[in-house]
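Asks: Sequence first, then the predicted structure:
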Amino acid sequence: MALSNSISNIFGVSPVKPLQNHMAEAIKCVGHLEDFLEATFQENWDAASTVFEQISADEQSADKLKKQFRMHMPKSLFMPVSRGDLLSIITQQDNIANLTKDICGIILGRQMVIPKQLQGDFIGFSDCSAETCRKAHGAINELDELLETGFAGSEVKFVQKLIRELATQEQKVDKKEQKLRKKLFNIEANLSPIDVIFMYNIIDQIGGLADTAELIGNQVELLLAK
Amino acid sequence: MDFFTEYGAILIITAALVGFFMAWGVGANDVANAMGTSVGSKALTIRQAILIAMVFEFAGAYLAGGEVTSTIRKGIVDSAIFVDRPNDLVFGMLSALLAAGCWLMVASFMGWPVSTTHSIVGAIVGFAAVGVSVDAVNWGKVGTIVASWLVSPIMAGTISFLLFRSVQKLILLQDDPFTKAKRYIPIYMFFVGFLIAMVTILKGLKHVLKDNGASLSFLESAGIASIAGIVVAMIGSYLLTRIKRDMSLEEDNRFANVERVFAVLMIFTACSMAFAHGSNDVANAVGPLAAVVSIVSSGGDIAANTTMPPWILLLGGGGIVVGLATYGFKVMGTIGRKITELTPSRGFAAELGAAATVVIASGTGLPISTTHTLVGAVLGVGLARGIGAINLRMVGSIFLSWLVTLPAGAGLCIIFFFMFKAAFGQ
C-alpha cells in the first residue's frame, strides 16, 4: 500500500551527516600528503605512485559523495541553515580533495624533487597546511551538535573558538609560505627554471589548501549567524 | 413510522458494519501517522507502539470521543430541516459512511492522500447540500470546522515551537544537559498526565458523574488532573533513574545520552498522541452510526434528545484496535523506518504540541485532521531550527489533500444517497 499521505514523507535527509562524510573523505586525501612527499624526497617513485593511487581513489569517492549530496538538496527543502551555504561548503570541501590530487599529480608527473636544503621547511609547510584542513574538519564535525542545540548557546561559542583557531593556523601557513618562497628564491638561480616555476606553483597550491580550509570556516560562521 | 420498524435492524447493522470498517481503517492507516514519530526516533519498538496505541486509542475514543461524535452526528446538518423527513437523514448518514469508507479504501490502494476527517465531513455536507437542500447544512458550524482545519496546524506549530524553545533553554544549551534533562523532563511528563486526565474528567466522566448525581467544579477537576499529572511525573522520574550515562556513546555525539533521556519522555507523549487521536478520529467512524442509531431507535423522531448508547464508542474503539492488530503494525513499521531524522528531543515537542491541540479540539467537538496537526507541529520545531530538513513540497501536498478529499467524499456520498433513495423506493 503506497502511503503518499504519510507523515514520514515530510522528513528530508538531514544535510549534516552527508556533509561530514564528504569532509572525512576529502581529509583522507590530505592525510596521504605527508607519506607522498616523504616518498618523493627519497625518489621512491613506486611508493609515491602507490600513495597517489590512494589519493585518486579517495578523491573519486569524495566526488561521488558530493554528487549524492547535491541530488538530495532540492529547492523545496526547509532547513535550519541556508541551502546555498551548504552547497558552497561542499564545493570548498571538494576543492581540498581536488587540490591535493593536483599537487601530487604534478609532483609525480614531473618526478619533481624538492632540493635537499628546502625539504625540512617544505614538509613543515605542508603539514601546517594539512593541519588547517583538519581544523576545518573539526568545525564541520560540530555541525551535528549545532543542529542538536538548534544553533544556539555555548555550542555556537565553541564552534566560533574552533574557527578562530582555524584562522590562526592559516596565518601560520602564510608565514611558512613566505619563508619557503624566500629560501627558494635564494637558490633558484642554481635550479632549472622550469622546475622552479613549478615549485612556486606547488607551494602556491599547498597554501591554497589552507585558504580553502579557511573559506570553509568562514562558511560555517555564516551558518551560525542566521 | 413503519419504515423504521421494518428496516431498522438492517439499517443499524449496515451502519455498524461500515462504521466498524472505517474504525478499522483509522487503526490500520491513520494511527501509524500519529505514532510513527515515536517509532522512527527509536523511542519505542513497533510492538510497544502498537500496545500503547491499542490502550490509549481505545481510552481516547471511549472516554473523550463523545463531543466530536456528537458534532458529526448532529452538528453539521440542520436537524430542523429533517424533522419531516428522517429517512433522508438516515440514508444520508449511511451514504456518508459508505462514501468515506470507499474513498478511504480506493485512495489507500492508489496511494492518494486520504484524510478520514475531511472525507466524512465532505460527505455529510455533500448529501445535505445537494441531496436535500442548501439550507440543510448548518453552515455556521461547518465554517467553524473549516476554520479549525486552518487553526489547528498553526496552533500545534506554535505550541511545539515554544516547547522546543523551552527544551533548548532549560536543557540543550546548559553546561550539563544530561543532568538538566533528568531534572526538567518530569515537568513535561506532568503536562502529559494533566492533559489526558483533564480531558477525561471534563468530557468522559462528566456523564458518568451526572448519572450518579455528582458533579465536579472546574477547580476540582483541575485538582484531580494535577494529582494525575504528579503521579505520571513520578512514574516517569522512576523510569529516568534507570537511564545511566554511557560515555562510550558520546564520542560521536555529545548529546547521545541526553536523547536517551528524551526517549523516555517520548513514551509518555506517544500515549498522549494516541489518546488524542482516538478521541478525535473515532467520530469519523461512529458519528454517522450514532445518528442512524438515534433516529431509528426513536422511531424517526429527530427532535428527541437521545443520549448516545456507549456501545457505539466501544465499537469504534474496538475497530481501531482490530485495525492496529491486523494491519496497523505494518504501516507503522513502514512509516517508522522512513522517519529516521527525528530525534526524541524534537519528536516529543512535535507530539506533545499536536496532542494538546487535538485533545482541545476533541473537547470542543471539532473534527480535525491529526496528520495535519502533526505536520504543523513538526514545522513549528523546524522553525526553531530543530530539524535537519523538511520537504516543503510534501508538506504542501499533505495540506492540499483535503481540497481533493472534500469533493471526492461529497460526490461519492451524493451518488450513494440517491441510490439508497431509489432502492427503498422513496
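Replies: Arrived safely. Numbers count the residues shown, from 1 in each chain, chains lettered A, B, ... in the order given.

Asks: any weak-confidence spans in chain B?
Replies: B:1-2, B:111-113, B:206-211, B:213-214, B:303-306, B:426 (pLDDT under 70).

Asks: Centre-most residue in it?
Replies: The centroid of chain B falls nearest to residue B:277 when counting by C-alpha atoms, centre = their mean (2.5 Å).

Asks: next one: chain A
Replies: With distances taken as C-alpha atoms, centre = their mean, residue A:96 lies nearest the centre of chain A, 3.2 Å away.

Asks: what's the nearest residue to that residue if we skip its chain neighbours?
Replies: Once flanking residues are discounted, residue A:96 sits nearest to residue A:26: 4.5 Å by C-beta to C-beta, 6 or more residues apart in numbering or on different chains. C-beta: built from backbone N, CA, C; applies to glycine.

Asks: quick one: which helix or strand includes the one you found?
Replies: helix A:16-31 (DSSP states H and E).

Asks: Now do the buried residues in that helix.
Replies: Across helix A:16-31, burial judged by 16 or more other C-beta atoms under 10 Å in any protein chain shown covers A:16, A:18-20, A:22-31.

Asks: Surely the residue nearest to the centre of chain A touches residue A:212?
Replies: Yes: the pair residue A:96 and residue A:212 qualifies as a contact (C-beta atoms under 8 Å) at a distance of 5.4 Å.

Asks: Can you pull the residues that touch both of these two?
Replies: residue A:133 (C-beta atoms under 8 Å, 6 or more residues apart in numbering or on different chains).

Asks: For residue A:216, see how far away the residue lying closest to residue B:7 once chain neighbours are set aside is.
Replies: Counting by C-beta to C-beta, 6+ apart, residue B:7 lies nearest to residue B:424, which is 7.3 Å off, once chain neighbours are set aside. Distance of residue B:424 to residue A:216, computed by C-beta to C-beta, to the nearest Å: 75 Å.

Asks: now residue B:319
Replies: 56 Å.

Asks: cool, and residue B:390?
Replies: Taken as C-beta to C-beta, the span from residue B:390 to residue A:216 is 25 Å.

Asks: Tell me which helix or strand the one residue in the stretch 251-400 of chain B that gets nearest to chain A sits in.
Replies: As assessed by C-beta to the nearest C-beta, chain A sits closest to residue B:388 within the stretch 251-400 of chain B, at 2.4 Å. Here residue B:388 sits in a region with no helix or strand, counting by DSSP H and E.

Asks: circling back: make a markdown table out of the buried residues of helix A:16-31 and add pLDDT.
Replies: Output for these, formatted as a markdown table (pLDDT from 0 to 100):
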| residue | pLDDT |
| --- | --- |
| A:16 | 92 |
| A:18 | 94 |
| A:19 | 95 |
| A:20 | 95 |
| A:22 | 96 |
| A:23 | 97 |
| A:24 | 96 |
| A:25 | 95 |
| A:26 | 96 |
| A:27 | 96 |
| A:28 | 95 |
| A:29 | 95 |
| A:30 | 95 |
| A:31 | 94 |
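
Asks: what comes up buried for the helix or strand containing residue A:203?
Replies: Following DSSP H and E, one finds residue A:203 within helix A:193-225. Using 16+ other C-beta under 10 Å as the test for burial, helix A:193-225 gives A:196, A:198-199, A:202-203, A:205-217, A:219-221, A:223-224.

Asks: can you pull the contacts of residue B:138?
Replies: With C-beta under 8 Å, 6+ apart, residue B:138 has these contacts: B:75-78.

Asks: what separates it from chain A, distance-wise?
Replies: Distance, residue B:138 to chain A, by C-beta to the nearest C-beta, to the nearest Å: 28 Å.

Asks: The closest residue to residue A:17 other than its chain neighbours is in what secondary structure piece?
Replies: Leaving aside its chain neighbours, residue A:17 sits nearest to residue A:144 (7.0 Å; criterion: C-beta to C-beta, 6+ apart). Per DSSP H and E, residue A:144 falls inside helix A:143-148.

Asks: That helix - what's its average pLDDT?
Replies: For helix A:143-148, mean pLDDT rounds to 90.

Asks: what's that helix in contact with?
Replies: Applying C-beta under 8 Å, 6+ apart, the set of residues contacting helix A:143-148 is A:14, A:16-17, A:19-20, A:80, A:155-156, A:159, A:220, A:223-224, B:172, B:253-255, B:343, B:345, B:385, B:388.

Asks: Tell me if the helix holding residue A:203 is near chain B.
Replies: No: for a cut-off given as C-beta under 8 Å from any C-beta of the partner chain, helix A:193-225 has no contacts with chain B; the smallest distance is 10.3 Å.

Asks: now that helix and helix A:16-31, what's the angle there?
Replies: 160 degrees (axes from the mean of the first three to the mean of the last three C-alpha atoms, to 10 degrees).

Asks: what's helix A:193-225 packed up against?
Replies: On a contact count with 3 or more C-beta pairs under 8 Å, 6 or more residues apart in numbering or on different chains; DSSP states H and E, helix A:193-225 meets helix A:83-109, helix A:116-141, helix A:143-148, helix A:154-187.

Asks: give the contact list for residue A:79.
Replies: A:12, A:15, A:86, B:388-390.

Asks: and what of residue B:371?
Replies: A:5, A:7, B:30, B:33-34, B:115, B:398.

Asks: which of those residues sit farthest apart?
Replies: Taking C-beta to C-beta as the measure, the contacts of residue B:371 span a maximum distance of 14.0 Å, between B:34 and B:398.

Asks: who's more crowded, those two?
Replies: Legend: neighbour count by other C-beta atoms under 10 Å in any protein chain shown for residue B:34 and residue B:398, higher for residue B:34 (33 against 24).

Asks: hang on, that one packs against residue B:277?
Replies: Yes: counting by C-beta under 8 Å, residue B:277 is a contact partner of residue B:34 at 4.3 Å.

Asks: what's the overlap in contacts for those two?
Replies: Residues within reach of residue B:34 and of residue B:277 at once, by C-beta under 8 Å, 6+ apart, are residue B:370.

Asks: distance of residue B:239 from residue B:50?
Replies: Distance from residue B:239 to residue B:50, by C-beta to C-beta: 20 Å.

Asks: and the two? which has more neighbours close in?
Replies: Between residue B:239 and residue B:50, counted using other C-beta under 10 Å, residue B:50 has the larger neighbour count: 23 against 17.

Asks: what separates the more buried one from residue A:118, distance-wise?
Replies: On the measure of C-beta to C-beta, residue B:50 and residue A:118 end up 70 Å apart.

Asks: Please apply the same query to residue A:53.
Replies: From residue A:53 across to residue A:118, the span is 26 Å (C-beta to C-beta).

Asks: now do residue B:413
Replies: Residue B:413 is 86 Å from residue A:118, by C-beta to C-beta.

Asks: Of those two, which one has the most company?
Replies: residue B:413 (31 against 17).

Asks: what about that one, helix or strand, and which?
Replies: For residue B:413, the host element (DSSP H and E) is helix B:392-423.

Asks: In that helix, which residues are buried?
Replies: Buried-residue list, helix B:392-423, by 16+ other C-beta under 10 Å: B:392, B:394-395, B:397-399, B:401-402, B:404-406, B:408-417, B:420-421.
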